[in-house]
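Engineer: just to be clear, the model below is a prediction. Sequence and coordinates:
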Amino acid sequence: MSEDVRRQLELSASLPRGSKKRYKKSRTLKKKVSEPTESLPQQESKPVVEKVHAQVKPADFDVEAAQEIIFKPNPGPQTNFLSASEREVLYGGAAGGGKSYAMLADPLHGLGSPNFSGLLVRHTTEELRELIQKSQELYPKAIPGIKWSERKSQWITPQGGRLWMSYLDKDMDVTRYQGQAFNWIGFDELTQWPSSYAWDYMRSRLRSAHSADLGLYMRATTNPGGNGHGWVKKMFIDPSPSSLPFWATNIETGETIRFPKGHSREGEPLFRRRFIPASLFDNPYLSESGDYEAMLLSLPEHQRKQLLEGNWDINEGAAFPEFNRKIHVIDPFEIPDSWPRFRACDYGYGSFTGVLWFAVAPSEQLVVYRELYCSKVTATDLADMILEAEAKDGTIRYGVLDSSLWHKRGDTGPSLAEQMNMKGCRWRPSDRSRGSRVSGKNEIHRRLQVDEHTEEPRLVFLSTCTNTIAQIPVIPLDKKNPEDVDTNAEDHLYDALRYGIMTRPRSSIWDFNPAKQNSGFQMSDPNFGY
């Protein structure tokens, strides 16, 4: 063995485990770039130490604590509003529920998209300024880089999304938006619009080629009261219990709006609506101190019930403020056969026809158990509809009809009342003598009172009579004659109610029909009870 080989083996044996391979590799690489020497000087071997970095466990990371929260919805109604998927949603009711901030936060769902186009309106420019000021506090923090254009009255995001903030004062102002397309439209304080014209027209501007991604939404906030109280109540409050989605209905007829005949989706309902009520106590930022609550408690009764309680059955100048849905509306039940029944009708072809069915309880309480509310129906067709509706009611003692339907009106043929009588739908004329309207209104007041002996009101309505329940509490007083209601208001069902209760309906022992009682006793003579 040569001397060089012997020395190499000795050095290799003196290296620690795992170092031989590295040493050999080093020798090999050197041979490739240099000539071998005749002898290798002996060196002391040193152990090779590998450095391993220490593993530090990261601290728990709280996302919410690490970022500034710009807006966090209150639990409950405000959160439900921002997460609602229905096409049209109304949020509000009582004052202090956080309506304005909820309205401003809702378009943030899609404002970051370049295809988003939204419109938020108030009734006047003065009212709009407050909303713009609040948006200037919120939007720059929520969307970095968003710009406000005073000239266009528009927010523009860096991605290209746009939100137009404008006013809509008169009905004709909707033409300012003709040809525009939006995937989100908001109305703040909806009851400030006296009719549904603006809301209905702007629904036609709700369109987008990107609706599959961004959706199509109309949103509104409001308190009860105001010029538009009646139509907003019909559209969002009356059709369904609060917070529950429902198919959109026609506010004139109450019928579900459907795709027309011949359409590929014929008969299907169009879209859903929803009313989400909120109160002061759903907003801890205002309710905890109690100061705002004290201010609302100091208001007159009707305003207090509207703004603090969010009561939609109270309207300023209402003719029947004592109406209380919790007292005067009851769940449906089967009317006993022994209770006398009758009906009353106020007829109109061009406007509306209102028909009410009454039952008289043994306690003399009147129960309105059915209603029929329709328009553009002839007298003979109405007779058929009435007879069909009451086919299973048993004996209808009588019907009372607006006495004007017996007038010939210059023709020689049968009157409208006679046409209905000939169809088998029998009527007698209502009392329309001088002072009858005032007397009828006073009788309704008396009937709405709670009887001190029975501790129940003298007049109740089954919950299925939705149109009557919606109209009676909001029908206004006549400003020129506070002893009567405003005849320009929707009063057809009110008139039918007045005709009915003024017929002196009574219950007595002679209404007892022993033949229909399910006792074990069998009588030989059902008329006299032997």
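Structural biologist: Thanks, I have the structure now.

Engineer: what mean pLDDT would you report for stretch 92-103?
Structural biologist: Mean per-residue pLDDT for stretch 92-103: 80.

Engineer: got the contact list for that stretch?
Structural biologist: 71, 73-74, 77-78, 81-82, 91, 120, 130-131, 134, 138, 186, 188, 219-224, 277-280, 282-283, 285-287, 292, 296, 306-310, 312 (C-beta atoms under 8 Å, 6 or more residues apart in numbering). To be clear about C-beta, it is placed using only N, CA and C from the backbone, and glycine gets the same treatment.

Engineer: these in strands, which ones?
Structural biologist: Assigned to strands by DSSP state E, the following of the contacts of stretch 92-103 qualify: Tyr91, Leu120, Gly186, Asp188, Arg219, Ala220, Thr221, Thr222, Pro277, Ala278.

Engineer: most centrally placed residue in this protein?
Structural biologist: Phe275 (1.5 Å; C-alpha atoms, centre = their mean).

Engineer: that residue against Ser242, yeah?
Structural biologist: Yes. Between Phe275 and Ser242 there is a contact under C-beta atoms under 8 Å: 5.7 Å.

Engineer: what's near enough to touch Ser211?
Structural biologist: Asn183.

Engineer: how close does it sit to Tyr494?
Structural biologist: Applying C-beta to C-beta, to the nearest Å, the value for Ser211 to Tyr494 is 43 Å.

Engineer: could you say what helices and strands the lengthiest helix in the chain packs with?
Structural biologist: The residue-count maximum for a helix in the chain (DSSP state H) belongs to helix 125-142. For helix 125-142, the elements it packs on are helix 99-105, strand 117-122, strand 147-149, strand 162-167, judged by 3 or more C-beta pairs under 8 Å, 6 or more residues apart in numbering; DSSP states H and E.

Engineer: hey, which of those is tucked in deepest?
Structural biologist: strand 117-122 (a mean of 24; mean count of other C-beta atoms under 10 Å).

Engineer: can you redo the helices and strands packed on helix 125-142 as a markdown table with distance to Asn421?
Structural biologist: As requested, these are exported to a markdown table (distance: least, C-beta to C-beta, whole Å):
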| stretch | distance to Asn421 |
| --- | --- |
| helix 99-105 | 54 |
| strand 117-122 | 53 |
| strand 147-149 | 69 |
| strand 162-167 | 55 |
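
Engineer: those: which one's closest to Pro340?
Structural biologist: Of all these, helix 99-105 sits nearest to Pro340, with 48.5 Å by C-beta to C-beta.

Engineer: next, count neighbours for Thr353.
Structural biologist: When neighbours are counted by other C-beta atoms under 10 Å, Thr353 registers 23.

Engineer: what's the pLDDT at it?
Structural biologist: At Thr353, pLDDT is 94.

Engineer: now the phi/psi pair for it, please.
Structural biologist: When read as degrees, to the nearest 10, the backbone of Thr353 gives phi -110, psi 130.

Engineer: OK, contacts around it?
Structural biologist: Here Thr353 is in contact with Cys345, Asp346, Tyr347, Leu372, Tyr373, Cys374, Ser375, Val377, Leu382, His492 (C-beta under 8 Å, 6+ apart).

Engineer: my guess is Arg205 meets Asn183, correct?
Structural biologist: No. Counting by C-beta under 8 Å, Arg205 stays clear of Asn183, with 10.0 Å between them.

Engineer: neighbour count winner among those two?
Structural biologist: Asn183 (23 against 17).

Engineer: touching, that one and Met218? I think so.
Structural biologist: No. Judged on C-beta under 8 Å, Asn183 makes no contact with Met218 at a distance of 10.3 Å.

Engineer: which residues are common contacts for the two?
Structural biologist: With C-beta under 8 Å, 6+ apart as the test, Asn183 and Met218 both reach Leu206.

Engineer: ok, so what distance separates Pro284 from Leu190?
Structural biologist: Applying C-beta to C-beta to Pro284 and Leu190 gives a distance of 25 Å.

Engineer: more neighbours: these two, which one.
Structural biologist: When Pro284 and Leu190 are compared for neighbours, Leu190 comes out ahead with 26 against 12, by other C-beta under 10 Å.

Engineer: where does the stretch 401-530 of the chain dip in pLDDT?
Structural biologist: Where the stretch 401-530 of the chain drops to pLDDT under 70, the residues are 408-412, 508-530.

Engineer: that should have said the chain, apologies.
Structural biologist: For the chain, the ranges with pLDDT under 70 are 1-69, 96-97, 285-288, 302, 315-316, 408-412, 508-530.

Engineer: now for Gln306, how many residues are close by?
Structural biologist: 26.

Engineer: try Leu493
Structural biologist: The burial count for Leu493: 27, using other C-beta under 10 Å.

Engineer: then Lys152?
Structural biologist: Neighbours of Lys152 (other C-beta under 10 Å): 12.

Engineer: give me the phi and psi for it.
Structural biologist: Per degrees, to the nearest 10, the backbone of Lys152 is at phi -90, psi -10.

Engineer: contacting residues around it?
Structural biologist: Applying C-beta under 8 Å, 6+ apart to Lys152 gives the contacts Trp164.

Engineer: same thing but at 10 Å, please
Structural biologist: Neighbour list for Lys152: Arg162, Trp164, Met165, Ser166 [criterion: C-beta atoms under 10 Å, 6 or more residues apart in numbering].

Engineer: same check, this time on Trp312
Structural biologist: 93, 223-225, 229, 232-233, 236-238, 242, 275, 277, 305-306, 325, 470, 473-474.

Engineer: circling back: shared neighbours of Arg205 and Asn183, anything?
Structural biologist: Ser117, Leu119.

Engineer: can you tell me which of the contacts of Thr353 is nearest His109?
Structural biologist: Closest to His109, out of all of the contacts of Thr353 and judged by C-beta to C-beta, is Tyr373, at 38.5 Å.
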